[in-house]
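Asker: Sharing a model that was predicted from the sequence below.
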Amino acid sequence: MKRGSKPMSVKRRSESVLDVVQDLELLCVKEEVTDMRRAKELREKRVAELRKSNGTLEMGYKGILDDIKQTLDRRRVLEEYYLKVKDNLQTTGAVSETEINDFRKEAEACLKDLGTERYTVLILGETSAGKSSLINLLLGECIMPTSIQQNTLTICEISYGEAKKAVLHFANGRKLPRVLTGDKFYKYKDYVKKPIEDENWCEWIEIMIPNPLLEGGVVIVDSPGIGDSKRVSEITLKYLSRAYAFIYVINTPNAGGLQQDRLMPILSEWIKLYKGEDGCGITSESAIFVCNKWDEVEKQCDLNQEEDPERKIIDTLRMNIPELDEKFQIIKMSVSRATEVKERFDVMDDDLKSLVNRLQRLLPLCIERKTEFFYYWISGQLCSLSDQLKGEMQNAKRTKDERLKARKELGDKLSELKQGTPIREIEDAITSSVDQAQIKLASYLQTEEFRTKFFRWTEDDVPKTEEGQNFSKMKEAFTACIEQRFEYTLQKWESTDNFFSQAHLELEALFDKGFLEFEREIRDIDRVLVGSDVDGFQPFEIRPGRMFSPLDPRMKKFLVMTGVIFWPVLMSVGLAAGVLSAPVLGVLAIGKHLKDHHLKTNCCQTLKDLSAEFLEDFITNKIRSYVQDKFSEETNRIASIKRCHQQLITKYEQRCKDLTKSEDESREKEILNKYRPLYTNLMSMNENLMFDAIQNGIKVMYPSCQLEVRRLQYNESEREACLGEGSFGKVLKGRYSPPGHRRKDVAVKKIRKHPDPSNVAAFLKEAAMLKQLEHKHIVTFYGVGIDVKERQLVSLVLVFDCVAGA
Ligand SMILES: Nc1nc2c(ncn2[C@@H]2O[C@H](COP(=O)(O)OP(=O)(O)OP(=O)(O)O)[C@@H](O)[C@H]2O)c(=O)[nH]1
Ligand SMILES: [Mg+2]
């Protein structure tokens, strides 16, 4: 495969009819032909069609890069506001140096994340699924070695460089990284295949090439296959949390495509990531599943009509990822066919085109999630800062007695916060869950049901080992096989018994309760500090994906007050990375057995004996840590909450001191003069931020609250359509088709005044309120429709159930 190789000229001299017929097959032309002229005509026609409809890969790249570029503006808007806030804080001097520094530090971290123009796409899947082949196809050149045997054994990060260059990062800490350029460049390929035991094994390899797709910041990462070797799989699992987006390559013909025991370990890590990672980038949308080797499936299907492997795959995936959008996220293709079509005719076949289309949607989507997160953050900062100023102004108006009284009250509230009762409750509950789970699991492992399943091995189950394979490889294969079965059997048990998931749910509810309590304690403190009416606020239901309406200033403020670290914690985020701790099971001590049994080649008996040994060892030594590991997400989460709790206390203690500092009552006027302009400024900046964010396409309403305007119909000009008018807008009859539901009659409340920052803010605040009411089952509120054309807000509507709305 050479990049830039000329498309094959149709006039090849020694071409036979058979060649052309093969081309037709490659191009998926079904018509049967025997005549050379007709065959060539058909071929030319098909290639022309493909060129017209799908274009070349270079054109595909352009689409992807253009769409990424589009998101740059959004990031710039946020950056602009960050600078504005910073300027304001510095020039007024109303906010303490420490506070400004805190703000700057956090903002810069966020901006760095947002501004990173490296979009890492991790390609993963089981061994020999075609991961490396897919990368070569996407890059249009043979960068990764491919083979039917397990081949990629290290992480390879492929990014842009003006000249070809590779850097080998040896695992062996004593060796310095080695740079390969010029003639030596391609030597990295030898290192890709080096087994983990090799002293020159690389932890990762950087490959830089002047490829146009990568120039826009896309970084493609090839990973070792998951499944056969536990140690090798772990390399990939470790990398997971660093990726932006994922392409999971499935070896479709292999046992119906999705081997549950292979798919699940990786998928469950990925699920953990996205479940929590709301707002931080990884969502359930951030992966594409490529059902590869479809050419082989088609051949098999000719023989065997009854099975539909695609359906089977979709069902398995959906069982594990209920949010899966199958139209967008699952694609069946033949990488080898697409590669050949691309090389011979320089066009994208339909498979490749559809992959490129999905990438074109996937990458900007992942960036979008990050911009949303940063928007909430900066807007929350503004709320928090203005609240602080309000507090200062409030205090300036107090008499000395009132101030002392406030200080006393604050002291009481603070000591309540310090006790940390909700935290202790959660900690106790985690310990008790671990205890119970251990008892339950131990008793299951003793049952006849489990033992029969776990100890029965047939010839088919024996891992494939090559003739004369070395001892340690053999050992590893047997161990992996037993551990996989163990995990799989327990997964099956869990899927009927739901013991762990029930325990997780109960803990989750406790976290929610604790969160609300925490939030209430802070609100109490705020009431003393700011003095304004904060009772009106009612907390929302907290669920990842639809936790709250971030429009609510209290909530935003709470999130930033508790620091960015708390944000993740609330949504049970990214801790999954920490969860990827050392394997609990470890390598079995099976050397002795293997030696004894190997020669007899009675593998089934060996596996059976080893399973028994494994089980005994597990029950006596490993069960506790296994169960603890199952609850590690909760354990990590509570640890972070504790950290944050401590930080909050420090912050409030400082505020408590400040409260009595300004003893001199004559300063009231001075303080008010100093703070009021900044306060007003920050408030309006927040409204402007929201307005600009909307006009630049950033979702300011949490996704569950913002509906797609194209699903909504209403007619403003019809008189009968008007259900009523209010001060803010008029209410019209309309129809709304929620995704996956029938069309409904709805009431559409449309903002009446010219939409400017301040009335848009007020209008949306109403939406936030309504979302809350919906939760209380008072009114069915479908959401907000925001329509922007050419960066201009054209309409803004709230959509309710018709009866309630009317
Ligand atoms: N029939 C068919 N074979 C394919 C297809 N894609 C890849 N292959 C073959 O599958 C084998 C494995 O491909 P690789 O790209 O090396 O697979 P990999 O997932 O990178 O494998 P490891 O790195 O070993 O985990 C190679 O022999 C490829 O030629 C396809 O679409 N159809
Ligand atoms: Mg590979």
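Answerer: Received the coordinates, thanks. Ligands and ions are numbered 1, 2, ... in the order given.
Asker: Around ligand 2, which positions in the stretch 1-150 of the chain sit nearby?
Answerer: Proximity of the stretch 1-150 of the chain to ligand 2, by Cβ under 5 Å from the ion, involves residues K131, S132. Heads up, the C-betas are built off the backbone N, CA and C, glycines and all.
Asker: so where do the strands sit in the stretch 1-150 of the chain?
Answerer: Ranges of strands within the stretch 1-150 of the chain are 119-125, based on DSSP state E, counting those that start in this stretch.
Asker: Tell me where the model's unsure across it.
Answerer: In the predicted model, the stretch 1-150 of the chain carries pLDDT under 70 at residues 1-13, 92-95, 113-114.
Asker: What is the least confident helix or strand in the chain?
Answerer: Taking mean pLDDT, DSSP states H and E as the measure, the helices and strands of the chain show their lowest mean at helix 576-579, namely a mean of 23.
Asker: shouldn't T146 be in contact with S132?
Answerer: Yes. Under the criterion of Cβ atoms under 8 Å, T146 lies in contact with S132, with a separation of 4.6 Å.
Asker: Neighbour count for these two, which is higher?
Answerer: S132 (25 against 17; other Cβ atoms under 10 Å).
Asker: list the contacts for the more buried one?
Answerer: By Cβ atoms under 8 Å, 6 or more residues apart in numbering, the contact set of S132 is M144, P145, T146, N151, T152, D222.
Asker: wait, which of those residues is closest to ligand 2?
Answerer: T152 (3.1 Å; Cβ to the ion).
Asker: Just say helix, strand or coil for the closest one.
Answerer: When the structure is reduced to helix, strand and coil (DSSP: H, G, I helix; E, B strand; the rest coil), T152 reads as coil.
Asker: Was I right to think it contacts V192?
Answerer: Yes. Using Cβ under 8 Å, T152 and V192 qualify as a contacting pair, with a distance of 5.8 Å.
Asker: Out of the contacts of S132, which are close to ligand 1?
Answerer: With Cβ under 6 Å from any ligand atom as the criterion, those include T146, N151, T152 near ligand 1.
Asker: now the residues you listed in JSON lines, with distance to F518?
Answerer: As requested, the ones next to ligand 1 among the contacts of S132 are exported to JSON lines (distance: Cβ to Cβ, whole Å):
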{"residue": "T146", "distance to F518": "53"}
{"residue": "N151", "distance to F518": "51"}
{"residue": "T152", "distance to F518": "46"}
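Asker: Among the residues you listed, which one sits closest to I123?
Answerer: Of all the ones next to ligand 1 among the contacts of S132, I123 sits closest to T152, with 9.6 Å by Cβ to Cβ.
Asker: quick one, what contacts the closest one?
Answerer: For T152, the contacting residues are K131, S132, M144, P145, V192, K193, D222, S223, P224, G225, by Cβ under 8 Å, 6+ apart.
Asker: mind running it again at 7 Å?
Answerer: Listed by Cβ atoms under 7 Å, 6 or more residues apart in numbering, the contact set of T152 reads K131, S132, M144, V192, D222, S223, P224, G225.
Asker: A338 now?
Answerer: Per Cβ under 7 Å, 6+ apart, neighbours of A338: L137, D349, D351, L352.
Asker: Distance check, the closest residue to it other than its chain neighbours against ligand 1.
Answerer: Beyond its immediate neighbours in the sequence, the residue positioned closest to A338 (Cβ to Cβ, 6 or more residues apart in numbering) is L352, lying 4.2 Å away. Relative to ligand 1, L352 is positioned 11 Å away (criterion: Cβ to the nearest ligand atom, to the nearest Å).
Asker: where's L352, which helix or strand?
Answerer: Following DSSP states H and E, the helix or strand that holds L352 is helix 350-397.
Asker: So for that helix, mean pLDDT?
Answerer: Predicted confidence along helix 350-397 averages 80 (mean pLDDT).
Asker: what does the protein put close to ligand 2?
Answerer: So far as Cβ under 5 Å from the ion goes, the chain lies against ligand 2 at K131, S132, N151, T152.
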